[in-house]
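Asker: Okay, sequence plus prediction incoming.
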Amino acid sequence: MIDLAVLFEHPAWFVPLFDALDRRGIGHVALRPDGHFDPADRRTPAPVVFNRIAMSSFLRADEHPIFHAIALLDHWRRGGARVINGPEVLAIDSSKARQLSLIAGLGLAVPATRVVHRVADVEAAAATLAFPLVIKANIGGSGAGITRYDSMDELRAAIADRRLPTSVDGVLLVQDYVPARDGTITRIETLDRHYLYALDIAGGGAFDLCPADACQVPGAPIPMIASDPGPVLTHAAEAIARAAGLDVGGIEVMIDDRDGIARFYDINALSNFVAKPIDVLGWDPHDRLVDYLIQVIQEARG
């Protein structure tokens, strides 16, 4: 019996998930977001659908599946499927501007940011902030579409030469460059809106801090350790997950070295978990994820 459909795009990231499902005997089907669907066909691939579409998919294919997947997941839910990280979560995941608005709406600190959709507005937006600053693509992934500028002259030259980052939805963020204390960010992973684990990831100012096995470059691993973010940051991450409707996902935060304020800056609905989890955490979060999936399957069966 097929109880679960996993919609995914990256060819390697979910091998540990599929292995864990096989170990537990969960009937599942792996689906790629290709081909077509009929909006009048109310059939669903399984009672439960697990969305694993990555924002970085646009880096691997110009004809990326992000917006198609939002419509497809919505369609399957209208057909009666229980969708984990559904279309509304994917819509938040695909907009850094919406993420920051949601986080700030909870009274939490975020990096000072201006959102634009025209290159003509970038300079005026930057003039309201201090340098250095970064320009970010609204839809990014694996650090893509982020560039630091140290002066207005440098930014103007990039505008004139058409070297600004671009986003597949045409929206850009002009954002204060936050110096993270000790060059470290914290990713707080949540499951069913509750704290799962946290990692301190030492990026040294880099923007691509993906912790999964498939992201690691041989000979140049990203330094990361298990951490305890404390109750204040943990409760804040859980509040963000609840507000976003996030079933499974990571919340990223950094301590601003200038003033010690914790600034939340990213909601990542694609948690592919840490590389070598037994070594880093002492346990495998895929086991708890499968426990959760079994619970959802049982609820869907009624």
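Answerer: Thanks, I have it. Residues are numbered from 1 along each chain as shown.

Asker: Would you map the strands across the chain?
Answerer: Secondary structure of the chain (DSSP state E): strands at 4-8, 28-31, 48-52, 82-84, 113-116, 133-137, 146-149, 172-176, 184-191, 194-202, 224-226, 248-255, 262-268.

Asker: what about the residue most central in space within the chain, distance to residue 176?
Answerer: Nearest to the centroid of the C-alpha atoms of the chain, with distances taken as C-alpha atoms, centre = their mean, sits residue 268, at 1.9 Å. Distance, residue 268 to residue 176, using C-beta to C-beta, to the nearest Å: 20 Å. C-beta: built from backbone N, CA, C; applies to glycine.

Asker: How about residue 195: what's its closest non-neighbour residue?
Answerer: residue 234 (4.9 Å; C-beta to C-beta, 6 or more residues apart in numbering).

Asker: Pull the residues that contact stretch 150-166.
Answerer: For stretch 150-166, contacts defined as C-beta atoms under 8 Å, 6 or more residues apart in numbering pick out 119, 122-123, 126-127, 131-133, 135-137, 145-147, 149, 172.

Asker: Can you give me the end-to-end span of that stretch?
Answerer: 19 Å (C-alpha to C-alpha, to the nearest Å).

Asker: rewinding a little: quick one: which of the strands of the chain is nearest residue 59?
Answerer: Nearest of those to residue 59, taken as C-beta to C-beta: strand 133-137 at 10.7 Å.

Asker: in this protein, which segments are predicted with low confidence?
Answerer: 204-221 (pLDDT under 70).

Asker: Show me which helix runs longest in it.
Answerer: Identified as the longest helix of the chain according to DSSP state H is helix 285-301.

Asker: Could you check that one and say which residues are buried?
Answerer: 285-286, 289-290, 292-294, 296-297, 300 (16 or more other C-beta atoms under 10 Å).

Asker: Just put the residues you listed in JSON lines and tack on distance to residue 244.
Answerer: Converted to JSON lines, those look like this (distance: C-beta to C-beta, whole Å):
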{"residue": "285", "distance to residue 244": "19"}
{"residue": "286", "distance to residue 244": "22"}
{"residue": "289", "distance to residue 244": "18"}
{"residue": "290", "distance to residue 244": "22"}
{"residue": "292", "distance to residue 244": "17"}
{"residue": "293", "distance to residue 244": "19"}
{"residue": "294", "distance to residue 244": "23"}
{"residue": "296", "distance to residue 244": "18"}
{"residue": "297", "distance to residue 244": "23"}
{"residue": "300", "distance to residue 244": "22"}
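
Asker: now, which of these sits nearest residue 11?
Answerer: residue 286 (17.9 Å).

Asker: For the closest one, which non-adjacent residue is closest in space?
Answerer: Distances taken as C-beta to C-beta, 6+ apart place residue 20 nearest to residue 286, at 4.1 Å, with adjacent residues excluded.

Asker: what about the one you found, how many neighbours?
Answerer: Neighbour count for residue 20, taken as other C-beta atoms under 10 Å: 19.

Asker: Kindly report the same for the one 3 residues further on.
Answerer: When neighbours are defined as other C-beta under 10 Å, residue 23 has 11 of them.

Asker: how far away is it from residue 239?
Answerer: 33 Å.

Asker: ditto for residue 67
Answerer: Residue 67 is 28 Å from residue 239, by C-beta to C-beta.
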